[in-house]
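Novice: Okay, here's the prediction I keep looking at, along with the sequence it came from:
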Amino acid sequence: MEKKYLLKSQPSEIEKIRINDESNFTINYKELLNPAQYEAVASVEGNYLVIAGAGTGKTRTLVFRVARLVEMGYNPQSLLLLTFTRKAAREMMNRAEVLLDSRCGKVNGGTFHSFANITLRKSSNYIGINSNFIILDQGDSEDVINLIKGQKKLGELKKRFPNKQTLYKIFSLSTNMCKSMEEIVIQEYPHFALYLQEMQDIKKVYENYKKKSSLLDYDDLLIYLRDFLWEFSPAAQSLLNSINFVMVDEYQDTNKLQAEVVQGLTQLNNNLMVVGDDSQSIYSFRGANFKNIIEFPKLFRDVKVITLEENYRSSQTILDFTNQIIEYAIEKYPKHLFSHKHGGELPVIIKAATENMQSRFIVERILELREEGLSLNDFAVLFRSSFFSFDLEIELSKANIPFKKFGGMKFIETAHVKDMLAFLRISANPKDFVSWYRVLLLHDGIGPKKAQTIIDDFATGRISLGTKPDAIVNPLYKDHIFSLFLLLQEIHKEKSTPSEKIESILQYYEPFFMDKFDDFNKRKKDLEIFLNISQNYKSVDSFLADMALEPPQDTVIDIEAEMKENEFLTLSTIHSAKGLEWNTVFIIHALEGFFPSSMSCESLDQLEEERRLMYVASTRAKQNLYITYPEKIFDRFNGITLAKPSRFIKELHKDLSEQWVLEDRSFNKY
């Protein structure tokens, strides 16, 4: 078999002079950036690791580098910027357009998954997949796994078998961490080790089902992309030759599989810049690999490390405090954050007698600072685990302080939106039997057993969307099932747009919707938003892909609740707070055994990640930082026990913070 070797066009000597002559640029990069940022922005060919400390302007650095490369004459479409959300990529492209011009809007920017989706559809012939594949989101994947589990009758086992969420997580971690299922089960779920063979059997059926039905889950997108790149087919070579520069944001959050994709993308044009902060690597539970950023200089050739240390967010007193938190980390890139914001209050460590006293202090302090002119939007209370804030929520409600706790149900996870998507997915892929199952169960008289029988008829080809409903004599198919077939046949037609199909689905679904949900009046607005979003699309495939890869986050119920109270206090887990900032931050429950958690103390890697969590939480604060802990904790088995402050604050120099002890002078009525 002959191999193709594609010659790259070389710029002329005149072009090289023009490209490298900074006096021709419309932007004065040196003047607008600090020295470290400018060094990163002015770096062109080669491999670069930019260690961007918290608040040091990493996004600004990437935006200016995009603009400068475009000004140098590189084709914007030859620049690939990979981020973890498409919102982040769009923001960077928009900022680059404002900074330079519309050329920056042509840069290839998106998430790993969205880039994989586009690439796989374009090159499907070389990969051996259908270009019209449907993407399963996590909930859909879990439903497929549950269906397979049910068929194997594993619920009848004497000992508890892992549920669909756990099975999906084991499969996904195995893929993303490039580890065997056995390794994942032994490390994370040793109590399920006796069922390893059964889990492997489910995984095998799951993989076969997806292949047969032209379905890809999130992990498949990256697997197929990695394999496509490394197999180095003519199509892969053509793609790689079209990419001059690869940039990756938040590199500390990449998993092993994503790191392999990045390596694959830089096989020909070895020009890579990754930006991240090893001190903010806190997502190992999702499969993120801390070693990716630590070992980057070993994995790529002639790597230059550039460190951004000038912080634009916090006062120097807060930075002195946070610098020492991370100073005790065992494995890290050395950096010392500094700021030109001098002065500011020292961070405060507060000892409370009880958890309730801790909560009451936070309420009182927030009210005091509001009197000094701060808005509730300027405050955040951060915690290691969601349940740490339960007592505080009660006290906030008593004081009539509105708050929003981050987490909860997302738009795409709501039952009514998933129902609508199921109809649409069948129209795009009649072999999507999980969606068939969901749709069939909406109908009276159709339970799991009858639904499975109908699905089997489709799977064996006895009936199809081309079958006329009145030609079916099986008593299973009652009048309302005839109506369903008529609807699905109608929306299966390729000529209609996504919004036209959704209009038809809405008319059919409305009676089921009103019968299924007591609060259908509120939920109805979600369906209207769903329809409105679809009007921006010409293709059902692209609409379904976007809804799976980058779905809307909030339901109308969430949005309305926020609109009713424009000013609210933020309660958030630290994981959800990464990348955000507030004037005043409270970190609660800083207790040994809670933060760090007792489980993390069994592993040095986990303990180090807990330290990074404390660092991330502390660096969210601009002006005021309060870290609180209760001295006495109620334990259901041991009653009231004495607790110790977290090692992360106990080991710090005393002159870096103030120490407060709360006194309770309130009259106890009880």
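Specialist: Okay, I see it. Numbers count the residues shown, from 1 in each chain.

Novice: Tell me how many other residues surround Lys298.
Specialist: Residues lying near Lys298 (other C-beta atoms under 10 Å) number 8. Backbone N, C-alpha and C define where each C-beta goes, glycine included.

Novice: what helix or strand is it on?
Specialist: Assessed by DSSP states H and E, Lys298 sits inside helix 296-299.

Novice: Identify the residues contacting whichever helix or strand comes after that helix?
Specialist: Using DSSP H and E, the helix or strand that follows helix 296-299 towards the C-terminus is strand 303-308. Contacts made with strand 303-308 from outside it, assessed by C-beta atoms under 8 Å, 6 or more residues apart in numbering, are listed as 36-37, 39-40, 43, 46-53, 56-58, 61, 296-297, 333, 335.

Novice: ok so, going back, which positions within the helix holding Lys298 qualify as buried?
Specialist: Buried residues in helix 296-299, counted by 16 or more other C-beta atoms under 10 Å: Phe296.

Novice: Next: stretch 452-466.
Specialist: So, applying 16+ other C-beta under 10 Å, buried residues of stretch 452-466: Gln452, Ile454, Ile455, Asp457, Phe458, Ile463.

Novice: Make TSV from those and add distance to Tyr29, pLDDT and secondary structure to it.
Specialist: Below are the buried residues of stretch 452-466 laid out as TSV (distance: C-beta to C-beta, whole Å; pLDDT from 0 to 100; DSSP: H, G, I helix; E, B strand; the rest coil):
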residue	distance to Tyr29	pLDDT	secondary structure
Gln452	63	84	helix
Ile454	64	82	helix
Ile455	60	84	helix
Asp457	65	80	helix
Phe458	60	79	helix
Ile463	65	75	coil
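
Novice: Go through this protein and flag its longest strand.
Specialist: strand 621-630 (DSSP state E).

Novice: if we look at that strand, which residues are touching it?
Specialist: Strand 621-630 is contacted by residues 313-315, 318, 321, 344-345, 347-355, 357-358, 361-362, 365, 369, 581-591, 618, 643, 645-646, 649, 657 when judged by C-beta under 8 Å, 6+ apart.

Novice: Neighbouring strands - and their directions - for that strand?
Specialist: strand 348-352 (parallel), strand 582-587 (parallel) (DSSP bridges).

Novice: Please identify the most buried of these.
Specialist: Here the criterion is mean neighbour count by mean count of other C-beta atoms under 10 Å, and of the strands paired with strand 621-630 the winner is strand 582-587, at a mean of 24.

Novice: Buried residues in the following helix or strand past that strand, which are they?
Specialist: Using DSSP H and E, the helix or strand that follows strand 582-587 in sequence is helix 604-618. For helix 604-618, the neighbour count (16+ other C-beta under 10 Å) marks Leu607, Glu608, Glu609, Glu610, Arg611, Arg612, Leu613, Met614, Tyr615, Val616, Ala617, Ser618 as buried.

Novice: again, but for stretch 527-534
Specialist: In stretch 527-534, counting by 16+ other C-beta under 10 Å, buried: Leu527, Ile529, Phe530, Leu531, Ile533, Ser534.

Novice: Any stretches of the stretch 451-600 of the chain with poor pLDDT?
Specialist: For the stretch 451-600 of the chain, applying pLDDT under 70 flags the ranges 467-480, 494, 518-519, 522, 550-565.

Novice: Next, please give the residue ranges for the strands of the stretch 251-400 of the chain.
Specialist: According to DSSP state E, counting those that start in this stretch, the stretch 251-400 of the chain carries its strands in the segments 272-276, 303-308, 348-352, 379-383.

Novice: Nearest residue to Trp660 in space, please, no chain neighbours.
Specialist: Spatial nearest neighbour of Trp660, chain neighbours left out: Ile350 (4.6 Å); criterion: C-beta to C-beta, 6 or more residues apart in numbering.

Novice: measure that neighbour to Ser427 for me?
Specialist: Ile350 sits 58 Å away from Ser427, taking C-beta to C-beta, to the nearest Å as the criterion.

Novice: Next: Tyr328.
Specialist: 57 Å.

Novice: neighbour-wise, which of these two wins?
Specialist: Neighbour tally, Tyr328 and Ser427, criterion other C-beta under 10 Å: the higher count belongs to Ser427, 26 against 13.

Novice: What is the burial count for Phe406?
Specialist: Phe406: 14 neighbours (other C-beta under 10 Å).

Novice: Ramachandran angles for the spatially closest residue to Ser213 that is not a sequence neighbour?
Specialist: Leaving aside its chain neighbours, Ser213 sits nearest to Lys431 (4.2 Å; criterion: C-beta to C-beta, 6+ apart). Dihedral angles of Lys431 (phi, psi; degrees, to the nearest 10) stand at phi -90, psi 0.

Novice: got it, and the one 10 residues further on?
Specialist: According to degrees, to the nearest 10, the main-chain angles of Leu441 amount to phi -70, psi -10.

Novice: tell me which element the nearest residue to it once chain neighbours are set aside is part of?
Specialist: Among residues not flanking Leu441 along the chain, Ala451 sits closest, at 5.7 Å (C-beta to C-beta, 6+ apart). Using DSSP H and E, Ala451 falls within helix 448-459.

Novice: swap in Asp140?
Specialist: Using DSSP H and E, Asp140 sits within helix 138-151.

Novice: just checking, what packs against that helix?
Specialist: helix 164-176, helix 196-212, strand 215-217, helix 433-440 (3 or more C-beta pairs under 8 Å, 6 or more residues apart in numbering; DSSP states H and E).

Novice: could you say what helices and strands whatever helix or strand comes next after the third one packs with?
Specialist: Just to be clear, that refers to strand 215-217. For strand 215-217, the following helix or strand on the C-terminal side (DSSP H and E) is helix 218-231. Using 3+ C-beta pairs under 8 Å, 6+ apart as the contact test, the elements touching helix 218-231 are helix 112-122, helix 124-127, strand 134-136, helix 164-176, helix 234-241, helix 256-265.

Novice: Please identify the most buried of the ones you listed.
Specialist: Ranked by mean neighbour count, those are led by strand 134-136 with a mean of 24 (mean count of other C-beta under 10 Å).
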